[in-house]
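**Student:** quick one: sequence plus predicted model below, questions after.
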Amino acid sequence: MTAMQRSLALMTSSLLLTALAPMLSLTQETRPGGESLPGSGAVELKPTQPNAPEGFEVAKLGIARGEIVPFEYAAKTGDVFRASLYLPPGYASDKKYPVLYLLHGASGDETDWVREMRADAILDNLHAGQKLAPMIVVMPSSLSVVARAEVGDSREAKIRAGMAFGQVLVRDLIPWVESRYPVLANREHRALAGVSMGGAAALATGLANADQFAWIGAFSGAGRRWSAPREKLHLLWLSVGHQDTMANSSVAAAVAFFTEKNVPHQFHINAGGHAPKVWMNDLYHFSAMLFREK
């Protein structure tokens, strides 16, 4: 992002902050992971981010397709985790690729981004239109195999585990991926994003480890654990649906924090609520910006 683009992004956030100000009083009502209590009086916003083209999420015929590879890896604690990995169309082991780590929400797992949000079709279509830098995308579960069985349907337990997953990601998952796939192993070519709880986890983990990630995205979730990054980011992205009654208070507070701290960022409002169609639109726009301009 150029200096002019950063300036415009900051100006846009400042203007949007005025519209978001009525929501800032709601930030004390957030659940762990930054999701506001249902019925807490969220303010309806106006969409600012365009909808992706019709059919952007539909697997098209006659184009090169990527590959989804499920895998398991062991953390240093001995816990076994599952993840899914997207290899781009035309993947070749003698090339090196940047990597996007993509986190799921509280009720999801390592299959959500493909099963619920058609990430593979979205990425394939962007590739076919030459709108995406070829990249590997890693979609991990935030719960170990054993922990997933133990927590059952407890949403609070899943949120606590999800917010703690950042340590596993940095300490265990990234080294595992980089030891087995031809990736560009530096912050310039490493991105981290997530949705809802995963957005809060991505934001907290990315900001605390800005020496590891130069691109960070939080879709419909921002939590309450923010810090000004010690390293300059190429992209800090926050977004929410205009009718989202679960996450808009936390996102509004995050926008206020980064604006006050003069941290360059972009803020986007999608049409919709706390729903997959919003996050699919985020993935379409966010992924196309990655690994292009420093």
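**Tutor:** Received, thanks.
**Student:** how about the nearest residue to Val168, chain neighbours excluded?
**Tutor:** Ala75 (5.2 Å; Cβ to Cβ, 6 or more residues apart in numbering). Heads up, the C-betas are built off the backbone N, CA and C, glycines and all.
**Student:** how many neighbours does that neighbour have?
**Tutor:** 16 (other Cβ atoms under 10 Å).
**Student:** shouldn't it be in contact with Val170?
**Tutor:** No: counting by Cβ atoms under 8 Å, Val170 is not a contact partner of Ala75; they are 11.1 Å apart.
**Student:** where does the residue in the chain sticking out farthest from the centre fall, secondary structure wise?
**Tutor:** Largest separation from the mean C-alpha position in the chain: Gly62, at 29.3 Å (Cα atoms, centre = their mean). Following DSSP states H and E, there is no helix or strand that holds Gly62.
**Student:** same deal with Leu203?
**Tutor:** helix 197-208.
**Student:** what's downstream of that helix, the next helix or strand?
**Tutor:** Heading C-terminal from helix 197-208 (DSSP H and E), you reach strand 215-219.
**Student:** now do the helices in the stretch 151-294 of the chain.
**Tutor:** Remark: helices assigned in the stretch 151-294 of the chain by DSSP state H, counting those that start in this stretch are 155-168, 174-180, 197-208, 248-260, 276-289.
**Student:** nearest to Lys96, of those helices?
**Tutor:** helix 174-180 (10.5 Å; Cβ to Cβ).
**Student:** buried residues in that closest one?
**Tutor:** Ile174, Trp176, Val177 (16 or more other Cβ atoms under 10 Å).
**Student:** what residues does that helix touch?
**Tutor:** Here helix 174-180 makes contact (Cβ atoms under 8 Å, 6 or more residues apart in numbering) with Tyr73, Leu85, Val99, Tyr101, Ile136, Val138, Val183, Ala185, Arg190, Gln212.
**Student:** and which of those is nearest to Met246?
**Tutor:** Using Cβ to Cβ, those come closest to Met246 at Tyr101, 23.0 Å.
**Student:** against Ala252, how distant is the closest one?
**Tutor:** 25 Å (Cβ to Cβ, to the nearest Å).
**Student:** among these two, which residue is more densely surrounded?
**Tutor:** The residue with more neighbours, out of Tyr101 and Ala252 and counting by other Cβ under 10 Å, is Ala252; that gives 29 against 25.
**Student:** quick revisit: can you list the buried residues of helix 174-180 in JSON lines and add pLDDT?
**Tutor:** Below are these laid out as JSON lines (pLDDT from 0 to 100):
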{"residue": "Ile174", "pLDDT": "98"}
{"residue": "Trp176", "pLDDT": "98"}
{"residue": "Val177", "pLDDT": "98"}
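**Student:** want to throw these into CSV with distance to Lys158?
**Tutor:** Formatted as CSV, these follow (distance: Cβ to Cβ, whole Å):
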residue, distance to Lys158
Ile174, 22
Trp176, 23
Val177, 23
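**Student:** which one of the residues you listed is nearest Glu231?
**Tutor:** For those, the nearest to Glu231 is Ile174 (16.2 Å; Cβ to Cβ).
**Student:** which stretches of the stretch 151-294 of the chain have low pLDDT?
**Tutor:** 293-294 (pLDDT under 70).
**Student:** confidence score at the residue farthest from the centre of the chain?
**Tutor:** For Gly62, the model assigns a pLDDT of 95.
**Student:** begin at 774 from here
**Tutor:** With the count now opening at 774, the last piece we talked about shows up as Gly835.
**Student:** any idea how far it is from Ala901?
**Tutor:** Distance from Gly835 to Ala901, by Cβ to Cβ: 9 Å.
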